[in-house]
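1. have a look; sequence and predicted model below, questions after that.
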Amino acid sequence: MFSFFQSKYKNPQIEKIYKISPKEIDNFYKQMSEITTFCFKQCSYPKKKSGQLNDKEKECISNCMACYLESLKEVENQFLQIIQSLISEQLKKK
């Protein structure tokens, strides 16, 4: 699954534009792969003969991914608040 994310979403320009290291990008791909694998395991039911996901499975996986991404956004907001308070404290000391 990890290689799927690398091949599908890897854009060499990302490193140049956003100054993100290759290691950070690889970590992101690994995390997304783990989340996708977890959601797929949580949501897959016995498959149809075609091997395609049914609508219920697709919806479950979509909701699972949305919950994970929302929780990541919340963690990001908490870190930003911490960073802002640390910056404010440093500015007050000057």
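-> Perfect, I can see it now. Numbers count the residues shown, from 1 in each chain.

2. ok, and the closest non-adjacent residue to residue 42?
-> residue 64 (5.9 Å; CB to CB, 6 or more residues apart in numbering). Using the backbone N, CA and C atoms, a C-beta is placed for each residue, glycine as well.

3. and the gap between that neighbour and residue 41?
-> 10 Å (CB to CB, to the nearest Å).

4. per-residue confidence averaged over the biggest helix by length in the chain?
-> Looking across the chain with DSSP state H, the single longest helix is helix 55-93. For helix 55-93, mean pLDDT is 84.

5. buried stuff in it?
-> Buried positions in helix 55-93, judged by neighbour count with 16 or more other CB atoms under 10 Å: 57, 60-61, 64-65, 68.

6. list the contacts of the closest residue in space to residue 60 that isn't next to it in sequence.
-> Among residues not flanking residue 60 along the chain, residue 43 sits closest, at 3.5 Å (CB to CB, 6+ apart). With contacts defined as CB atoms under 8 Å, 6 or more residues apart in numbering, residue 43 is in contact with 57, 60-61, 64.

7. which pLDDT value goes with residue 43?
-> On pLDDT, residue 43 comes in at 85.

8. how near is the spatially most central residue of the chain to residue 72?
-> With distances taken as CA atoms, centre = their mean, residue 32 lies nearest the centre of the chain, 4.3 Å away. Distance, residue 32 to residue 72, by CB to CB: 10 Å.

9. who touches both of those two?
-> The contact sets of residue 32 and residue 72 do not overlap (CB under 8 Å, 6+ apart).

10. contacting residues for residue 35?
-> With CB under 8 Å, 6+ apart, residue 35 has these contacts: 65, 68.

11. and if we set it to 10 Å?
-> Applying CB atoms under 10 Å, 6 or more residues apart in numbering to residue 35 gives the contacts 1, 64-65, 67-69, 71-72.

12. next one: phi and psi at residue 53?
-> For residue 53, the backbone dihedrals are phi -70, psi 140 (criterion: degrees, to the nearest 10).

13. pipe the buried residues of helix 55-93 into a markdown table and attach distance to residue 77 per row.
-> Shown next, in a markdown table, are the buried residues of helix 55-93 (distance: CB to CB, whole Å):
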| residue | distance to residue 77 |
| --- | --- |
| 57 | 31 |
| 60 | 26 |
| 61 | 25 |
| 64 | 21 |
| 65 | 19 |
| 68 | 15 |
